[in-house]
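**Student:** I'll drop the sequence and a predicted model, then ask my questions.
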Amino acid sequence: MIISKLHLPLNDNDGKPLTEVHAKLKRAIVKIFNGCTVTTGQGVWMDKGKIYDEPVAIYEIAHWGAEYKIKQFMELVHEYGARANQLAVYCVIDKHATIIDIVKPFNSRPSPSRPNTK
């Protein structure tokens with residue numbers, strides 16, 4: 001088995017809680033992967049000289065590393081990153097960390113089985 005993780009902010013860019021987005025994401029994960037572990041953390045990064053610091057939910061999913069399961073995970077990353085109005089989200093697949101640009105079409109992303117490591 002491998003571990004995939006998605007870090008998704010708890011609030012949108014205007015500070016509004018993303019309660020419904022997270023509830024739907026949990027249901028989608030359970031439906032596809034039969035469960036997950038959710039913890040909270042703090043995401044901190046710099047963009048164009050501005051420091052961002054926000055609470056995040058970290059979804060950890062154990063699944064078989066089959067190509068279709070990784071693709072399903074990547075589809076969830078894209079869909080729920082978009083639902084949360086994010087430009088990009090941080091995720092990890094089998095110890096490979098990557099930043100997924102939500103503004104790009106899903107099919108133009110790196111292969112989900114070999115994510116970019118940054």
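**Tutor:** Perfect, thanks for sending it.

**Student:** my guess is residue 62 contacts residue 1. True?
**Tutor:** Yes. Look at residue 62 against residue 1 with C-beta atoms under 8 Å: they come within range, at 5.1 Å. In short, each C-beta sits where N, CA and C put it, glycine included.

**Student:** how about stretch 62-80: buried residues?
**Tutor:** Within stretch 62-80, the residues scored as buried using 16 or more other C-beta atoms under 10 Å are 63, 69, 70, 72, 73, 74, 76, 77, 78, 79, 80.

**Student:** narrow those residues to those in helices?
**Tutor:** 69, 70, 72, 73, 74, 76, 77, 78, 79, 80 (DSSP state H).

**Student:** pull the longest strand from this structure.
**Tutor:** strand 50-63 (DSSP state E).

**Student:** pull out the buried positions in it.
**Tutor:** 56, 57, 58, 59, 61, 63.

**Student:** who does it touch, helix- and strand-wise?
**Tutor:** When contacts are defined as 3 or more C-beta pairs under 8 Å, 6 or more residues apart in numbering; DSSP states H and E, strand 50-63 sits against strand 2-9, helix 19-33, strand 37-47, helix 67-83.
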